[in-house]
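Trainee: pasting a predicted model and its sequence here:
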Amino acid sequence: MPASILNVLIYAGIVLFALVVIGIILTRLYRRATKDVALIRTGFGGEKVVLNGGIMVIPVLHELMQVRLTTVKLEVSRLNKDALITLDKLRVDVVGLFHIKVKPDAESIAAAAQTLGDSVNSPDAVKSLLDGKL
């Protein structure tokens with residue numbers, strides 16, 4: 001009898017250890033979106049945008065990108081040598097203030113991540129992208 005109880009305890013310990021290991025792995029792979037950050041998972045299974053809730057990310061199969069949903073303030077100034085030239089060939093000093101925000105829906109978040117890439121979360125990188133267009 002004691003040998004069978006010992007075997008049951010060994011099997012129960014192995015099962016408990018396996019459950020703890022699986023639980024730790026699952027908590028490491030689960031990522032949650034917050035109110036001001038959306039998540040985009042690409043890779044195996046296609047693109048998935050998460051606004052509220054969470055998603056499982058397996059590092060070998062998926063790539064995770066975060067997109068900030070807060071308003072970013074950018075100031076662009078064109079002064080002196082970089083001043084804008086009007087149609088009648090006059091230079092105009094211009095200082096512009098832009099407030100940029102990603103609309104909180106799946107299509108807008110995916111478009112922002114696709115066009116801006118990893119620079120979507122850095123105001124300086126967004127400013128350098130916009131400087132060429134202005």
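Mentor: Received the coordinates, thanks. Residues are numbered from 1 along each chain as shown.
Trainee: use CA for all of it now, contacts and neighbours both
Mentor: Fine.
Trainee: okay, now the unreliable bits of this structure?
Mentor: For the chain, the stretches flagged by pLDDT under 70 are 1, 119-121, 130-134.
Trainee: helix or strand right after the biggest helix by length in it?
Mentor: The residue-count maximum for a helix in the chain (DSSP state H) belongs to helix 2-29. Following the chain from helix 2-29 toward its C-terminal end, the next helix or strand by DSSP states H and E is strand 30-33.
Trainee: only alpha carbons, please: show that following strand as PDB.
Mentor: Extracted as PDB, the C-alpha positions of strand 30-33 are listed here (Å, rounded to 0.1, in the frame of the first residue of the first chain):
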ATOM      1  CA  TYR A  30       0.000  36.900 -22.900                       C
ATOM      2  CA  ARG A  31       0.200  40.700 -23.600                       C
ATOM      3  CA  ARG A  32      -2.500  43.200 -22.600                       C
ATOM      4  CA  ALA A  33      -3.500  46.400 -24.400                       C
END
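Trainee: distance check, residue 48 against residue 66.
Mentor: 12 Å (CA to CA, to the nearest Å).
Trainee: give the residues shared as contacts by those two.
Mentor: Residues touching both residue 48 and residue 66 by CA atoms under 8 Å, 6 or more residues apart in numbering: residue 40.
Trainee: more neighbours, those two?
Mentor: Neighbours were counted for residue 48 and for residue 66 using other CA atoms under 10 Å; residue 66 has more, 19 against 15.
Trainee: hang on, isn't that one packed against residue 40?
Mentor: Yes: here residue 66 lies in contact with residue 40, judged by CA atoms under 8 Å, at a distance of 6.4 Å.
Trainee: where do the contact lists of those two overlap?
Mentor: Contacts common to residue 66 and residue 40, judged by CA under 8 Å, 6+ apart, are absent.
Trainee: quick one: the strands in this protein?
Mentor: With DSSP state E, the ranges of strands along the chain come out as 30-33, 37-43, 48-50, 53-56, 62-68, 72-78, 84-85, 91-92, 94-100.
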